[in-house]
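> curious how this folds, go ahead:
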Amino acid sequence: MTRDKEAHHVSIIEAATAEFLTYGFKDASMRRIASAAGMSASGLYKHFAGKEEMFSALVEPACQGLMTLYRQEVSTQRRSVGAGDLSMWETGRGAKITISYMYDHLEAFRLIICKSQGTKYENFLHDFAVMEEETTLSFMELLKKRGVKIRDFCMKELHLLITANINAVFQTVEHDFTREEALHYADTLDHFFSRAWKGFFGY
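Now for the predicted structure:
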């Protein structure tokens, strides 16, 4: 990428971020983005094929980074449980890890959580909850194999509780928490849900 093209690209990213944060994906205007970036609409399309590609460019790196972090944490937890170390279940840290990462990429997550209607990201929270549900069920099976007694539970209740847990984590963005407020809330969530899940599964 030439220096001029790179400078234009930076201007587009800044203009697009401001546009999507203000209007959301559906009401965002490519013409307004082009004008704010100091270029023509036709020039803008030389960088991005459309709004969808542009929105993805703004949020996909942060989204993929969170998924990588999630998989790493799941792998660490699985090794611990497989080795018989259940101390991690006494005090969870999932909310703290997620919120810390989210606030390192706050604009991207504001776009995903609050401004993504009409994009493939609009079901982000639901998809995250489904992934967490699958992970939780696999952990329950692993615990059973370790001889930990897990009481019977209702799958519908599990789904709703996990959805509530995931939504609670990302509410910090919707409610404009500062980083300090969000991290304090993360500690509260981890303390609350670690005990709640232990009670729910009866281990």
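> contacts and neighbour counts: CA atoms only from here.
Fine.
> separation between A7 and K156?
51 Å (Cα to Cα, to the nearest Å).
> would you mark the buried spots in the longest helix belonging to the chain?
Looking across the chain with DSSP state H, the single longest helix is helix 51-82. Neighbour counts using 16 or more other Cα atoms under 10 Å place 51, 54-56, 58-59, 62-63, 66, 70, 74, 77-78, 81 of helix 51-82 among the buried residues.
> show me what it is packed against.
If contacts are counted by 3 or more Cα pairs under 8 Å, 6 or more residues apart in numbering; DSSP states H and E, helix 51-82 sits against helix 3-27, helix 94-104, helix 106-114, helix 124-145.
> give me the angle between it and helix 124-145.
Counting by axes from the mean of the first three to the mean of the last three Cα atoms, to 10 degrees, helix 51-82 lies at 10 degrees to helix 124-145.
> what pLDDT, on average, does helix 51-82 get?
Average pLDDT, helix 51-82: 92.
> do stretch 196-203 as well
On average, the pLDDT along stretch 196-203 is 84.
> more neighbours, A7 and K156?
The neighbour comparison of A7 against K156 (other Cα atoms under 10 Å) goes to A7, with 12 against 8.
> how near is the more buried one to Q72?
A7 is 35 Å from Q72, by Cα to Cα.
> now do M131
Remark: distance between M131 and Q72 (Cα to Cα) = 14 Å.
> try N123
23 Å.
> likewise G65?
As judged by Cα to Cα, G65 and Q72 stand 11 Å apart.
> and for S29?
38 Å.
> what sits against A62?
Residues near A62 by Cα atoms under 8 Å, 6 or more residues apart in numbering: H105, A108, F109.
> let's see that with 10 Å instead.
A62 makes contacts with T68, Y101, M102, D104, H105, L106, E107, A108, F109, I112, as judged by Cα atoms under 10 Å, 6 or more residues apart in numbering.
> how does this structure divide into domains?
As given by automatic domain parsing, the domain ranges for the chain are 1-48, 52-201.
> can you pull out the low-pLDDT segments for this structure?
1-5, 84-91 (pLDDT under 70).
> re the thing from before, what's the farthest-apart pair in the contacts of A62?
T68 and E107 (18.8 Å; Cα to Cα).
> quick revisit: let's have the buried residues of helix 51-82 in CSV, adding distance to A16.
Shown next, in CSV, are those (distance: Cα to Cα, whole Å):
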residue, distance to A16
K51, 9
M54, 8
F55, 8
S56, 11
L58, 8
V59, 11
A62, 16
C63, 18
L66, 22
Y70, 28
V74, 34
Q77, 38
R78, 40
V81, 44
